[in-house]
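Enquirer: turn this into a structure:
(one chain, ligands or ions: 1)
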Amino acid sequence: MSPNNKTPGVIESLQTEVENFPAPPHFVETAQFGPEIYQQATQNPEEFWAEQARALHWHKPFTQTLDWSNAPFASWFGDGEINLSYNCLDRHVLAGNGDRVAIHWEGEPGDTRTITYHQLLGEVKKAANLLTSLGVTRGDRVAIYLPMIPEAVIAMLAVARIGAIHSVVFGGFSAESLRARIDDAQAKIIITADGGWRKGRVSPLKPAVDEALALATETPLSVEHVLVVQRGENDIAWEEGRDLWWHEEIAQVDDQHTAQGFPAENPLFILYTSGTTGKPKGILHTSGGYLTQASFTHRAVFDLRPETDVYWSTADIGWVTGHSYVVYGPLSNGATQVMYEGTPETPTWSRWWEIVERYGVTIFYTAPTAIRSFMKQGREVALKHDLSTIRLLGTVGEPINPEAWLWYREVIGAGTAPIVDTWWQTETGAIMISPLPGVTATKPGSAQVPIPGISIDVVDDNADHVGRGNGGLLTVTKPWPSMLRGIWGDPERFIATYWRTFGDKYFAGDGARLDADGDIWLMGRVDDVMNVSGHRLSTTEIESSLVSHPSVAEAAVVGAQDEVTGQAVVAFVILKKNQTLIGDSDQASAILTAHVGNHIGAIARPRQVFVVGELPKTRSGKIIRRLLKDVAEGREVGDTSTLADTNIMQLITEKLR
Ligand code: WTA
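Expert: Presented below is the predicted three-dimensional model:
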């Protein structure tokens, strides 16, 4: 049956026979990577990766591939020297592609900028000189807190160009979260903007930076300068000497800069991600191996043709997808891409599809939560626009339900575009599991197979392979080039989090199931990490935030299923006796939601806050979140036999009813 005749929602159960969509013939015939690549990679994975690495420019070629003698701290291409900014810019210009558009940028108010590789290189050279003039040298940390404007890309590549380390903090994080990240990395410079456009308004960034830097924390302030890009034109305070306008400083520096090679294991970036404790983890990535896998996967998984494709990833640079598939992957491959500042519904839900039409987007990469939001608007919104240039679709960030997958293919992909459902993590640096569009027959809802050169296993608690038809825990069984090299400043936590569960296997924290064909279905997190709109949030971090409110005695947070965002934050709180700040439980929700928003950032705001008298606990005092999840999802409450007080769940459910 042709997919065009299908109504979305036909797949009732994942356990039964699943329809698949063979790779379209034109992909099979023309794809740069055919089935033989798997064989080649399996025979000698290290040599396979070395070959991919050689596609990059090395200032000094490597002779060693992998050194795993200090496991789990890997070294890839260790004696080679490379410059990532050179690979993303100079080499394309030198190859005669300087006039190719690197970025079609569109601001939310509708202003646009077109930037060629030649121009981007010029800007990055100046920015590199500017950072150097401010005393930034190899190994120094630069925090970046910017909206989705070209300067975000320029700043990242300038930092990489001089061998320094960037730590991009998502613009939606609060002053407090920003300060925690600045302190942890001891950032010397912070690059921000006055504000950026979101939902038709300027969202202030510099004021949040001012607030962050003014906070009294245990750590003395490491920041020497704040570089401010002019974007929002909102009123901001100014501290002479510390604060510098980007445009004024850039105008004064030399526009020549020669990129030097740095060791392949030179750190490239730190990116903070939520873990199971209240403290975010600074995931550390280095240079040569990271770029090898980001670049290869961007070519192979998206079947990229840099001469003709117009690629668009809707990810923000504040997340790892923005690092690997807005900056390093596409630019290292000389791709032309779209970058958009704002939100999909501004000024109307047509915005994304107008952009696709305007620039002739051919490859489109987004998150399931966005697809589900568009499903809610109805297909007409998208179908009003000419989307016929789209030839390949991708998703990332959370499991995609088959209904959304089929809608995406049918409505956005005209029933013909293959979908690559890509599984990976901040920690893995680049795509690990995904179909290849010229090889794999895709299945709605399954990320399917490890990419060539990657070894994945689904195991039980004893680290034994579960076998087809069974579920278990997802592990990576061999080191890979773009793997994290550690947690910034906390090697013990790195080992404990990822390497203690299964010894020599990397434990991803995700559950997975193997179907009868051996294809992998991701089943969500198995730890106390939630996935809201494709963003990772820690239950513990939000609980600590709630408890930091003077009226809250205790809090428990769960990720409850949500139609649009995948999971949503639902909180259960016990208020202190005689507290006066929060009146009744009706007010609690608004007050505590805002509190978490200010404390961590808008993305962490609970969907619901329930005031309860007690929380379900075991005899040893551990909160049983599983039961609260049942309540939050409106289900019959499960087994309560381990509760210290078995009546509690009844009291909670009755109260909420
Ligand atoms: C989830 C995002 C199912 C998973 C690149 C993982 C996915 C976490 C998929 C990492 C997918 C990501 N199918 N689940 N295709 N992609 N995830 O670090 O739980 O923000 O562990 O990296 O998102 O989120 P992170």
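Enquirer: near the ligand, which residues of the chain? Just list them.
Expert: With the criterion set to Cβ under 6 Å from any ligand atom, the chain comes near the ligand through 273, 319-321, 396-399, 421-426, 447, 508-510, 522, 525, 531, 536. Every C-beta, even on glycine, is put in place using the N, C-alpha and C of the backbone.
Enquirer: change it to 8 Å
Expert: Where the chain comes near the ligand, counting by Cβ under 8 Å from any ligand atom, the residues are 273, 319-321, 368, 395-400, 421-428, 433-434, 447, 508-510, 522, 524-525, 529, 531, 534-536.
Enquirer: just the residues you listed: which are in helices?
Expert: Judged by DSSP state H, the subset of these located in helices is Val320, Thr321, Pro368.
Enquirer: who are the contact partners of the second one?
Expert: Residues near Thr321 by Cβ atoms under 8 Å, 6 or more residues apart in numbering: Ser313, Ala315, Tyr365, Val396, Gly397.
Enquirer: mind listing what the last one touches?
Expert: What that stands for is Gly397. Taking Cβ under 8 Å, 6+ apart as the contact definition, Gly397 lies against Thr321, Ala367, Pro368, Thr369, Asn531, Ser533, Gly534, His535.
Enquirer: make TSV out of those and add pLDDT.
Expert: Rendered in TSV, the data for those read as follows (pLDDT from 0 to 100):
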residue	pLDDT
Thr321	97
Ala367	95
Pro368	93
Thr369	91
Asn531	91
Ser533	90
Gly534	86
His535	88
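Enquirer: between these, which sits nearest Arg198?
Expert: Ranking the contacts of Gly397 by separation from Arg198, with Cβ to Cβ as the measure, puts Ser533 on top at 14.6 Å.
Enquirer: hang on, the earlier thing: would JSON lines of the ones in helices among the residues of the chain next to the ligand with distance to Phe262 be doable?
Expert: Converted to JSON lines, these look like this (distance: Cβ to Cβ, whole Å):
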{"residue": "Val320", "distance to Phe262": "21"}
{"residue": "Thr321", "distance to Phe262": "25"}
{"residue": "Pro368", "distance to Phe262": "37"}
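Enquirer: care to break the chain down by domain?
Expert: 25-454, 526-656 (automatic domain parsing).
Enquirer: which sections of the protein are below the confidence cut-off?
Expert: Low-confidence regions of the chain, defined by pLDDT under 70, span residues 1-18.
Enquirer: same thing but 50
Expert: Within the chain, the stretches with pLDDT under 50 are 1-16.
Enquirer: which helix is the longest one in it?
Expert: helix 117-133.
Enquirer: okay, that one in CSV with CA atoms only?
Expert: What follows is helix 117-133 as a C-alpha-only set of coordinates in CSV (Å, rounded to 0.1, in the frame of the first residue of the first chain):
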residue,chain,number,x,y,z
TYR,A,117,31.7,31.1,3.4
HIS,A,118,34.1,33.8,2.4
GLN,A,119,32.3,36.4,4.5
LEU,A,120,31.9,34.0,7.4
LEU,A,121,35.6,33.3,7.4
GLY,A,122,36.3,37.0,7.5
GLU,A,123,34.0,37.5,10.5
VAL,A,124,35.5,34.6,12.3
LYS,A,125,39.1,35.8,11.7
LYS,A,126,38.2,39.2,13.2
ALA,A,127,36.4,37.6,16.2
ALA,A,128,39.4,35.3,16.8
ASN,A,129,41.6,38.4,16.9
LEU,A,130,39.2,40.2,19.2
LEU,A,131,39.2,37.3,21.7
THR,A,132,43.0,37.1,21.5
SER,A,133,43.2,40.8,22.2
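Enquirer: what about the strands in the stretch 351-500 of the chain?
Expert: Shown for the stretch 351-500 of the chain, the strands assigned by DSSP state E, counting those that start in this stretch span residues 363-366, 392-396, 419-422, 456-459, 471-476, 486-487.
Enquirer: now do the second one: which elements does it pack against?
Expert: Put plainly, it is strand 392-396. Using 3 or more Cβ pairs under 8 Å, 6 or more residues apart in numbering; DSSP states H and E as the contact criterion, the secondary-structure elements in contact with strand 392-396 are strand 363-366, strand 419-422.
Enquirer: what would those look like in JSON lines with mean neighbour count?
Expert: As requested, the helices and strands packed on strand 392-396 are exported to JSON lines (neighbours: other Cβ atoms under 10 Å):
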{"stretch": "strand 363-366", "mean neighbour count": "25"}
{"stretch": "strand 419-422", "mean neighbour count": "25"}
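Enquirer: distance to Glu240 added to those strands, as a markdown table?
Expert: Written out in a markdown table, the entries for these read as follows (distance: least, Cβ to Cβ, whole Å):
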| stretch | distance to Glu240 |
| --- | --- |
| strand 363-366 | 43 |
| strand 419-422 | 47 |
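Enquirer: and the residue in the stretch 351-500 of the chain positioned nearest to the ligand, how far from Ile270?
Expert: The nearest approach of the stretch 351-500 of the chain to the ligand comes at Thr426, 3.4 Å away (Cβ to the nearest ligand atom). Note on Thr426: its distance to Ile270, by Cβ to Cβ, to the nearest Å, is 10 Å.
Enquirer: what touches both of these two?
Expert: Ile283.
Enquirer: the more surrounded of these two?
Expert: Neighbours around Thr426 and Ile270, counted as other Cβ atoms under 10 Å, are more numerous at Ile270. The numbers are 24 against 19.
Enquirer: distance of the more buried one from Pro435?
Expert: Between Ile270 and Pro435 the distance, using Cβ to Cβ, works out to 31 Å.
Enquirer: ok, now Trp68?
Expert: Trp68 sits at a distance of 29 Å from Pro435 (criterion: Cβ to Cβ).
Enquirer: in contact with Phe77, which residues?
Expert: Residues in contact with Phe77 (Cβ under 8 Å, 6+ apart) are Ala50, Ala53, Phe62, Gln64, Thr65, Ala264, Gly288, Gly289, Thr292, Pro481.
Enquirer: just Val168 next, same as before
Expert: Residues in contact with Val168 (Cβ under 8 Å, 6+ apart) are Ala143, Ile144, Tyr145, Leu146, Ala152, Met156, Phe269, Leu271, Ile317, Gly318, Gly322, His323.
Enquirer: and it, bridged to which residues?
Expert: The residues listed as beta-bridge partners of Val168 by DSSP bridges are Ile144.
Enquirer: can you tell me how far it is from the ligand?
Expert: Using Cβ to the nearest ligand atom, to the nearest Å, we find Val168 at a distance of 13 Å from the ligand.
Enquirer: ok and the residue in the stretch 501-650 of the chain nearest the ligand?
Expert: Relative to the ligand, the nearest point of the stretch 501-650 of the chain is Leu522 (3.5 Å; Cβ to the nearest ligand atom).
Enquirer: who wins on neighbours among the contacts of Phe77?
Expert: Highest count within the contacts of Phe77 by other Cβ under 10 Å belongs to Gly289, 31 neighbours.
Enquirer: following the helix or strand hosting that residue, which helix or strand comes up?
Expert: Counting by DSSP states H and E, the element that carries Gly289 is helix 288-301. Next helix or strand after helix 288-301 toward the C-terminus (DSSP H and E): strand 310-313.
Enquirer: list the contacts of the closest residue to the ligand within the stretch 151-300 of the chain.
Expert: Taking Cβ to the nearest ligand atom as the measure, the point where the stretch 151-300 of the chain comes nearest the ligand is Thr273, at 5.2 Å. When contacts are counted by Cβ under 8 Å, 6+ apart, Thr273 is found next to Pro280, Lys281, Ile283, Val320, Gln425, Thr426, Glu427, Arg536.
Enquirer: and these, which two are furthest apart?
Expert: Put simply, by Cβ to Cβ the two of the contacts of Thr273 set farthest apart are Pro280 and Gln425, 14.1 Å from each other.
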